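> Predicted model and sequence below, questions to follow.
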Amino acid sequence: MNIVAIRDQNELEKRSPIVPSSVKKLTDLGATIYIEKGIGNTIDLNDKNYEEQGAKVIGDRKELLEMGDLIDWNYAYFEVGSINEN
């Protein structure tokens, strides 16, 4: 299973949707974790912290969203009509 985690677009949001220890647990279960570049910046973690636990860092958000079987996101920050909910 490909799991994708993206950064929140709300600049007031300081939490991260995933932390390195969760990446490790999920990869140990056989998942492939893809994260958006800079996902941990707001909690003082860099991409290397995630890579060391098995995550693959992707810089292009559109490419990243196309990779996931499961996507961790808050789509309140997407434009209306930009998500195909079918």
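In hand now; what should we look at?

> longest helix in this structure, by residue count?
helix 20-28 (DSSP state H).

> now that one: mean pLDDT?
Throughout helix 20-28, pLDDT has a mean value of 96.

> List the buried residues of that helix.
Going by neighbour count (16 or more other C-beta atoms under 10 Å), the buried part of helix 20-28 is 20, 22-24, 26-27. (C-beta placed from N, C-alpha, C; glycine too.)

> For the protein, just list every one of the strands.
2-5, 32-36, 56-58, 70-72 (DSSP state E).

> Show me what the third one packs onto, helices and strands only.
So the one you mean is strand 56-58. strand 32-36, helix 47-51 (3 or more C-beta pairs under 8 Å, 6 or more residues apart in numbering; DSSP states H and E).

> Any chance of these in JSON lines with mean pLDDT and distance to Leu12 as columns?
Below are the helices and strands packed on strand 56-58 laid out as JSON lines (pLDDT from 0 to 100; distance: least, C-beta to C-beta, whole Å):
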{"stretch": "strand 32-36", "mean pLDDT": "95", "distance to Leu12": "18"}
{"stretch": "helix 47-51", "mean pLDDT": "98", "distance to Leu12": "22"}
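
> looking at these, which is buried most?
Comparing those by mean neighbour count (mean count of other C-beta atoms under 10 Å), strand 32-36 ranks first with a mean of 22.

> Cheers, nothing more for now.
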